[in-house]
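Enquirer: one predicted model, sequence on top.
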Amino acid sequence: MGVAITVILGLAGLFAIAAAGRFAARSTLRGAARRAVNDMPLTAAFGILVIVIYAVVALTAPVLAPFPEREIVGTQFEAWGAEHWLGTDRIGRDMLSRLIYGARNTVGIAFATTALAFVVGSILGIWAALTGGWLDQILSRFVDALMAIPALIFSLLLLTIFGTSVLSLILVIAAVDATRVFRLARAVAQGIVVMDYIEAAKLRGERSWFLIRREILPNAVAPLVAEFGLRFCFVFLAISSLSFLGLGIKPPTADWGSMVRENATLITFGDVTPLLPAGCIALLTVAVNFVVDWQLYRASGLKE
């Protein structure tokens, strides 16, 4: 419950910040926003629509779900019907309700994990590129050593050592993915730190944190935003994979990966119910990639 409330508050805060920023900039960016919307391809519009629907479902899960997340409301593997639209799972919980709650748990934890990985990876990567010397070499070689280990195997090893709580899951996957973010942020920053305006800021006596926050990050935001979307997809799939293997989000908390594992028996009888959470995972992944592709296209400055 505490994790769910934290996720809701985090998502609500994100939407509040976005709404406040949009209101503040509306008078100056109205024309640019209108042009961006008019030039938006159908794939990007579809992706944004899907993401908005997922966010609404995640935030309003207790209202939309016909039954509580963990309550046993019927018998084992009931068929689809008027009372249980998608039937029940292996212990009699409503599948539709758990599918709705799974949006909040799976997507919320994936978003929190991706955000943590980006904060750590991008700051360390830009700092290493800005500082150079022995610090850059130590951080880069350490990251290279971690990246040499397959991500899934490394995650399984760490979760076996530190346990499979939600906090451990977030920290472990964030640590693994922060290495990928580090490499990208460092590569992007290395092309920025040699610019004349960086040298001028250094001559003014500006500190490293000022250079990172005011000079480098604003010029590196486009590739980092695109990588955030792609990295979210990888984290989202990693959490679902770990849950399917029994090392992710623990029951009775609803999670799409574990729902596929728990109800896989139904596939033998021609029931497509276990494929529904897998379809939710695939749909969100495709939607995020559509939006990322559109943002990359806009940032590149290419025209038809």
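Expert: Ah, there it is. Residues are numbered from 1 along each chain as shown.
Enquirer: if you average pLDDT over stretch 101-111, what comes out?
Expert: Averaged across stretch 101-111, pLDDT comes to 88.
Enquirer: where do the helices of the stretch 51-200 of the chain begin and end?
Expert: For the stretch 51-200 of the chain, the helices defined by DSSP state H, counting those that start in this stretch cover 61-64, 95-102, 108-131, 133-147, 151-162, 166-190, 196-203.
Enquirer: just the angle for the longest one relative to helix 133-147, thanks.
Expert: Here helix 166-190 points in a direction 130 degrees away from that of helix 133-147 (axes from the mean of the first three to the mean of the last three CA atoms, to 10 degrees).
Enquirer: picking up where we left off before, could the helices of the stretch 51-200 of the chain go into a markdown table alongside distance to L86?
Expert: Yep, even glycine has a C-beta here, placed from its N, CA and C like the rest. Listed next are these as a markdown table, based on distance: least, CB to CB, whole Å:
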| stretch | distance to L86 |
| --- | --- |
| helix 61-64 | 13 |
| helix 95-102 | 4 |
| helix 108-131 | 21 |
| helix 133-147 | 40 |
| helix 151-162 | 30 |
| helix 166-190 | 25 |
| helix 196-203 | 56 |
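Enquirer: out of these, flag the one nearest D89.
Expert: When these are compared for distance to D89 using CB to CB, the nearest one is helix 95-102, at 5.7 Å.
Enquirer: residues in contact with the closest one: which ones?
Expert: Here helix 95-102 makes contact (CB atoms under 8 Å, 6 or more residues apart in numbering) with 57, 61, 64-69, 84-89, 254-256, 259, 263, 273, 276-277, 280.
Enquirer: ChimeraX command to pick out the buried ones of those?
Expert: A single ChimeraX command suffices to select whichever of those are buried according to 16 or more other CB atoms under 10 Å:
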select :57,61,65,67,69,84,86,87,88,89,254,255,256,259,263,273,276,277,280
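Enquirer: related to what we said a few turns ago, please identify the most buried of the helices of the stretch 51-200 of the chain.
Expert: helix 95-102 (a mean of 25; mean count of other CB atoms under 10 Å).
Enquirer: pull the CA atoms of that one into PDB?
Expert: What follows is helix 95-102 as a C-alpha-only set of coordinates in PDB (Å, rounded to 0.1, in the frame of the first residue of the first chain):
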ATOM      1  CA  MET A  95      -8.800 -10.800 -13.400                       C
ATOM      2  CA  LEU A  96     -10.100  -7.500 -14.600                       C
ATOM      3  CA  SER A  97      -9.500  -5.800 -11.200                       C
ATOM      4  CA  ARG A  98      -6.000  -7.200 -11.000                       C
ATOM      5  CA  LEU A  99      -5.300  -6.100 -14.600                       C
ATOM      6  CA  ILE A 100      -6.300  -2.600 -13.700                       C
ATOM      7  CA  TYR A 101      -4.300  -2.600 -10.500                       C
ATOM      8  CA  GLY A 102      -1.400  -4.000 -12.400                       C
END
